[in-house]
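K.L.:
Quick one, what's the 3D model for this:
(chains A, B, C, D, E and F)
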Number of protein chains: 6
Amino acid sequence: MAGIPTFATAPGFLGIARADRAAAFTVAGVPFDIGTTNRAGTREGPAAIRRASRMLVDGAHPGNWVDPLALDIADIGDFTIALGDIEGTLRLVEAQAEGLAHLLCLGGEHGVTLPLLRSLARRVGKLGLVHFDAHVDTWPDSFGLVYGHGSFLYHAINEGLVDPARTIQIGIRSPVQREVWDWTVGQGVTILSALDVHAMGPEAVAARVHQVVGAGAAYLSFDIDALDPAFAPGTGTPEIGGLASWQAQAILRRLGGIGFAGMDVVEVSPAYDSAEITALAAATVVWEYLALVNS
Amino acid sequence: MAGIPTFATAPGFLGIARADRAAAFTVAGVPFDIGTTNRAGTREGPAAIRRASRMLVDGAHPGNWVDPLALDIADIGDFTIALGDIEGTLRLVEAQAEGLAHLLCLGGEHGVTLPLLRSLARRVGKLGLVHFDAHVDTWPDSFGLVYGHGSFLYHAINEGLVDPARTIQIGIRSPVQREVWDWTVGQGVTILSALDVHAMGPEAVAARVHQVVGAGAAYLSFDIDALDPAFAPGTGTPEIGGLASWQAQAILRRLGGIGFAGMDVVEVSPAYDSAEITALAAATVVWEYLALVNS
Amino acid sequence: MAGIPTFATAPGFLGIARADRAAAFTVAGVPFDIGTTNRAGTREGPAAIRRASRMLVDGAHPGNWVDPLALDIADIGDFTIALGDIEGTLRLVEAQAEGLAHLLCLGGEHGVTLPLLRSLARRVGKLGLVHFDAHVDTWPDSFGLVYGHGSFLYHAINEGLVDPARTIQIGIRSPVQREVWDWTVGQGVTILSALDVHAMGPEAVAARVHQVVGAGAAYLSFDIDALDPAFAPGTGTPEIGGLASWQAQAILRRLGGIGFAGMDVVEVSPAYDSAEITALAAATVVWEYLALVNS
Amino acid sequence: MAGIPTFATAPGFLGIARADRAAAFTVAGVPFDIGTTNRAGTREGPAAIRRASRMLVDGAHPGNWVDPLALDIADIGDFTIALGDIEGTLRLVEAQAEGLAHLLCLGGEHGVTLPLLRSLARRVGKLGLVHFDAHVDTWPDSFGLVYGHGSFLYHAINEGLVDPARTIQIGIRSPVQREVWDWTVGQGVTILSALDVHAMGPEAVAARVHQVVGAGAAYLSFDIDALDPAFAPGTGTPEIGGLASWQAQAILRRLGGIGFAGMDVVEVSPAYDSAEITALAAATVVWEYLALVNS
Amino acid sequence: MAGIPTFATAPGFLGIARADRAAAFTVAGVPFDIGTTNRAGTREGPAAIRRASRMLVDGAHPGNWVDPLALDIADIGDFTIALGDIEGTLRLVEAQAEGLAHLLCLGGEHGVTLPLLRSLARRVGKLGLVHFDAHVDTWPDSFGLVYGHGSFLYHAINEGLVDPARTIQIGIRSPVQREVWDWTVGQGVTILSALDVHAMGPEAVAARVHQVVGAGAAYLSFDIDALDPAFAPGTGTPEIGGLASWQAQAILRRLGGIGFAGMDVVEVSPAYDSAEITALAAATVVWEYLALVNS
Amino acid sequence: MAGIPTFATAPGFLGIARADRAAAFTVAGVPFDIGTTNRAGTREGPAAIRRASRMLVDGAHPGNWVDPLALDIADIGDFTIALGDIEGTLRLVEAQAEGLAHLLCLGGEHGVTLPLLRSLARRVGKLGLVHFDAHVDTWPDSFGLVYGHGSFLYHAINEGLVDPARTIQIGIRSPVQREVWDWTVGQGVTILSALDVHAMGPEAVAARVHQVVGAGAAYLSFDIDALDPAFAPGTGTPEIGGLASWQAQAILRRLGGIGFAGMDVVEVSPAYDSAEITALAAATVVWEYLALVNS
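P.N.:
Okay, here's the model as predicted:
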């Protein structure tokens, strides 16, 4: 497990000999966290996820025998951000995401999903969205903060980046103003609360995802706080009652055929982690995604 | 070291003067822990639960749209205790609980439930009891300690404070002497072990609670070690195999209609917590209770 | 640093002199960990499990009313190992296990199961195996290491110590080379992945164990990483998606009648533990085993 | 998540109504941290310092027998900040500091010192400055960030808030660009590196402070990273080789007679703290200051 | 949960039977902590100190070449205490200490020193006292608690167990009421504050100890909070500005010739420790003592 | 602080575009730890030191204005090791060190210094040695282990790699057999104990180093346990009473002119670290070395 960590030991570059071709899959970190409203520290998320990903390299996925090491994947390091400047950072992230085929981003806070969707939607059109989260993230603002970490989906819907009718949220359970909930549902978003997932089981959840998202380009945004704090303590706005990691895996493994064109895993805050289990969960979500879209 | 922290106990203010009327709901801490038999530290529980509770204030309960912030609730700080003196503390807690309408107490160890029941039963009569716990807490004594943290229910039954026929225990799983178990069942208490809960599911558990507790005044005593150590590591006598936090939530949300007249959440020991997840679980139990009794 | 801690290894006493007869059950630690490939530190496992086991002594098992304290069981401390020498240690462990009736070993890494099986199989013949683990442990080698912690079962099958047709693995979920998986299955081993356990439930899993292992002498090897990292963070090669501790308990309690002749619980790495919950899980597995084989 | 914690921000009371007069000393928190360049989390600093301060209330200062509890001091809770907006927050903090006599602020990051100085200098004129820190904090910007946590003194000098000839820095030791160092010294600031402090001893350091600051109004800004990480691990930009906490105390106790008109202690990041020792160090610095200015 | 850990308190053996004679030195733990006024948990201290002591066994003391392993020393496990009962415990500890030659006790809170002094003074007469501590421990009571952890010396002087004129305190620095300080000094106790130690150096401190304690029987009571929290975070009432561990060692090594007849090291609270450094410091104090009294 | 970590953001390579020239300075990790005798985990040291080193990149050394970023330095990642095989690893490390000009190695355990010295001495001849450590590391074996982490200097002297007359040890304080100490001194090694350093001060220590090592090629081996556990808790064999980090810095900065031809910093065990302070100390030692040999 030693050495300089890139994601799952993917080839990486550090300014010495940048590859002059695009890999089939690109991993990038977004060490940005100033739009958070509770506990801080997701800027350290990308590095922690990379370290944890090294536990996953010895062998193939036992579900479909895809081996992430055999994929054409490059870890390009972290995107440049604008310190202390949310909107400046959103512009920088969007610009850096351009032209990168099939991008997998490691957050950072959930606000960074917005520029990723802007870049991707420009290329492939309005997206379906599979959104694991404890929070609906459709607040028009957070205590006055317009582009904070609880608003990416509000803007993404309003900007026409995602199709709410093809959007499903899984794991929702935080306190929420009724008008925010009603707006979300009113837009056509499908919400499966965490208790819904516990009651339905992963097979029914996956069926519902297929039904909602259907054909066409889609995006996976996985906020690690969709998992219960027992499984992912290292995050800023934990909510009890969440998903077990096996439930997330069991759902993801049944999403074959959905036209995923990109993904992110966000809100890993290592300072609150325990024995790297949150970072490992995030890394495994990426690993499941790679196995899924290559099977 | 208890109480609401201002700097060096300087006078502080929160925008309002002291109410000279009782609020509809009163929150009080009981930073008492010397009757514990294993790991120490629940004296720090009330402060930790308060801190964690601040994660819950932005919005309404997504099940019934009750907003705890809109309720008439006052946090009166911590009850005075008698340092190093169990029975003196029980008397002090009982005295301070007098006249406080609908009290929600933050422990502290489980021994403090006894004086709370004494005070409440004096006012409303013999109580039904919904008791989440890993332990039956009907030991006549703990290694010679009569009013320790494993005996509150033994005394409460013997003193006629709770009606054993209207008492249900949920999550029980610790080692226990057969005579203690038999005494408890013999008194008429209904015991659902943790494995029972895993096997029955929360819906059936809730139905059983309604069946046992029925109409009439009731009390909720939630020992955080009812949850599995994965969900609540910060406690003194953890037992594996416990409830997931979602199971507790799913049960609580189905207890509408029970005549709850008070509650406590006890045995949070922050020094053993990880990323505040235990304190958050305890705070969320209070929040679920507030939403439940106001829906 | 192994052994039963007295101050500076001063002679200590516990109220009894050294037994000059064998107890019915013998507990021994194996503080050995140099064959691990990821995070280190299982050498501290035996001491941590012993400490945590002290939480289990006050009462009987609530399933079958066996009281471990009433059993004829001796803790003989830790086996001597050869520092820095894997094969030397395997020989030492095998030698020390000789003649000890019904041995329960506390690891230490999983490589130590091999000499324990060698010793036991010599006495009772080819063994059935109930193997809880996240990993198949049938790698011919780990990055060149032949007797590392991922190979005990490869050798045990090849050496004829266990009968693969009477071997069942529970909780498997790590990345794995397809040829390793196919070899394992090809030998006749039954593999239940963690997702299989989640889907089947503990009752069906236990039935399958009875079906596979049948009558005849058997061994229980419990790698703590069979549990999810939420339940057992203190281990070296965690994999998400694992078993809840209640699932392991629910399976174990249904294994009555299997001819267990020995057991081990391995891969507890206390430096990564949180509030001793991993050590407690390991101790409870031993406690469940003692209750099981005495009921 | 800031403020004085009552349960779910319920109204609380502490025995007194809000004073409608100013206290002689006012404590306020500034839970702001988005201008940091390394590890995050000082937003949690004020609450942690308050908690730790409760260890200091039982008795008088053993140096000069001042008892902080007997002082006329009020904790007014945390200042409102603008989420995600550095310059907006600086304006808000400055506005809220107006009219508060002798303010003691609990950070938060060091950037908040600038508006505190703006407010204070407007009232009392150009200030002398006693500045404990590992960093000179005279960077014109930090990676493009103009009002980040490494630039307060650059702006304070340029805005004429502090008199560099009456400014002394104690504990400096981080990497620094030579031009930044030369600018600082060129302005007339006196720099005592951490190694200078170790070599000179606290008595000589205090003499130098008196010599530099002289008569006239002065301000104490104590960045907790002036202390060595052994004494203050809970901070964002630790540097080894720092001061022992006793050295800071021994210096502070010899600063009687300096005309301190305000102070802050900043950069406490509780997520990186160990056993609250950093928060306790910060609280004790405030306590030493209160004893100092009242002796 | 006290005692020497074997699995589930199974009988264990260490190669020797119980000695039917007294060893020259006896080690005992006192897992008692309910008289504490701040953070809890010293009940776990004896076990933690024993574990840490195992790091010290490989070789002789590099100052005087005494090898603790070659000494005639027995660890008799933990004293029985009365759960939840301070005065009952003091009586039990006193009784168990009877007849044990040269007792070295591992705390546990500082209140347990009183019965140890009662037992020892009865045998050898009024004692000189070398008392390392952050607190004077001469409070007549702590918030009403008469035999709490801050009062042992008040009672020991009043009961005539120690001679205040032959008593020296080293490391004192907590807040303290002036009347408590004045009473202590008025009794004739010599107080060296932590700042005194930093200013004088260990050589002068040791000279002062010899001067004060002189000839005659003496006792060493080492409260681990005499050390700075950087060196001993794992304690309940930390105070910054304390001793470095090397200072304590340098003082202790110069105390040869003092007639020590017993010692204790108290107030180790493992739940707040970091990497066992506090427990190791406590174990090393015992080791230094053994080397000292045997050189 | 984001991005893929190489040491101090030095150019690194990962097999994609390895530079075909040697840099002036080469950093390599040695993630090897199976020769340790106490707490495990230094295999994670190199990665942790690299991460911490990123805190040091923004500016020049404030003592001599060398900027590590401007140096010609390459981080080549970790050396390959032989899992579970001490002697095989020593051979591999020696082979990989060949031909690398001015190597700075990040351990890993102290046993890896031996092959580094073998390689270097072959090129530049017998070396002077500046050896910071709590342990003499001249044990002929550790509990039977010949090439364990306490024996590198025994072998290095016997193999003629270092000149004992030009060898100085700084910080020694562990228990040690007198014959081991006498052998070391008898070979001509100069030992400065930790207490010697505390008594002499860093200036006198540095003078002694110059006197002992003199002219000619020399090596710096810095075992992080030379520092006190307060400053470096993250190590396997901590000993109290050690150096403060400022003392190490103050000594190192006075070693200009010594002919250092290579260095290592070893025994960082991140699982026992607190807030990365041990890793930061190790990284800063490398940074001080780079500034030293380039000034």
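
K.L.:
Help me see whether the helix or strand where A:P164 lies makes contact with chain C, please.
P.N.:
Assigned by DSSP states H and E, A:P164 belongs to strand A:162-172. No. Strand A:162-172 stays clear of chain C (C-beta under 8 Å from any C-beta of the partner chain), getting no nearer than 15.3 Å. (C-beta placed from N, C-alpha, C; glycine too.)

K.L.:
Each with direction, which strands does that strand pair with?
P.N.:
Using DSSP bridges, the strands paired with strand A:162-172 in its sheet are strand A:127-132 (parallel), strand A:190-193 (parallel).

K.L.:
tell me the contacts of the residue of the stretch 101-250 of chain A found nearest chain F?
P.N.:
Residue of the stretch 101-250 of chain A nearest chain F, by C-beta to the nearest C-beta: A:G108 (9.1 Å). By C-beta atoms under 8 Å, 6 or more residues apart in numbering or on different chains, A:G108 lies in contact with A:29-33, A:42-43, A:45-46, A:266-267.

K.L.:
host element of A:A218?
P.N.:
Taking DSSP H and E as the definition, A:A218 sits inside strand A:217-223.

K.L.:
got it, and A:D182?
P.N.:
Secondary structure from DSSP H and E places A:D182 in helix A:178-186.

K.L.:
coming back round to it: most neighbours among the contacts of A:G108, please name it.
P.N.:
A:T42 (35 neighbours; other C-beta atoms under 10 Å in any protein chain shown).

K.L.:
quick one: that residue and A:V266 touch, right?
P.N.:
Yes. Here A:T42 reaches A:V266: they are 7.2 Å apart, a contact under C-beta atoms under 8 Å.

K.L.:
anything in contact with each of the two?
P.N.:
A:107-109.

K.L.:
picking up where we left off before, send the alpha carbons of the strand holding A:P164 over as CSV?
P.N.:
C-alpha atoms of strand A:162-172 as CSV (Å, rounded to 0.1, in the frame of the first residue of the first chain):
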residue,chain,number,x,y,z
VAL,A,162,-30.5,18.1,-15.3
ASP,A,163,-34.0,16.9,-16.1
PRO,A,164,-35.9,16.8,-12.9
ALA,A,165,-38.2,14.1,-14.3
ARG,A,166,-35.2,12.0,-14.8
THR,A,167,-33.7,12.8,-11.4
ILE,A,168,-34.0,10.5,-8.4
GLN,A,169,-32.7,11.2,-4.9
ILE,A,170,-31.8,8.3,-2.6
GLY,A,171,-31.2,8.5,1.2
ILE,A,172,-32.9,11.8,1.9
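
K.L.:
Check which residues of that strand are buried.
P.N.:
Residues A:162-164, A:166-172 are the ones in strand A:162-172 that count as buried (16 or more other C-beta atoms under 10 Å in any protein chain shown).

K.L.:
Tell me what angle it forms with strand A:217-223.
P.N.:
Angle, strand A:162-172 to strand A:217-223, by axes from the mean of the first three to the mean of the last three C-alpha atoms, to 10 degrees: 30 degrees.

K.L.:
pLDDT averaged over strand A:162-172, what's the number?
P.N.:
On average, the pLDDT along strand A:162-172 is 98.

K.L.:
do the same with stretch A:115-135
P.N.:
Average pLDDT, stretch A:115-135: 98.

K.L.:
One more: stretch A:267-285?
P.N.:
97.

K.L.:
residue contacts, the closest residue to A:G214 other than its chain neighbours?
P.N.:
Leaving aside its chain neighbours, A:G214 sits nearest to A:R166 (6.4 Å; criterion: C-beta to C-beta, 6 or more residues apart in numbering or on different chains). Neighbouring residues of A:R166 by C-beta under 8 Å, 6+ apart: A:127-129, A:212-214, A:216, A:218.
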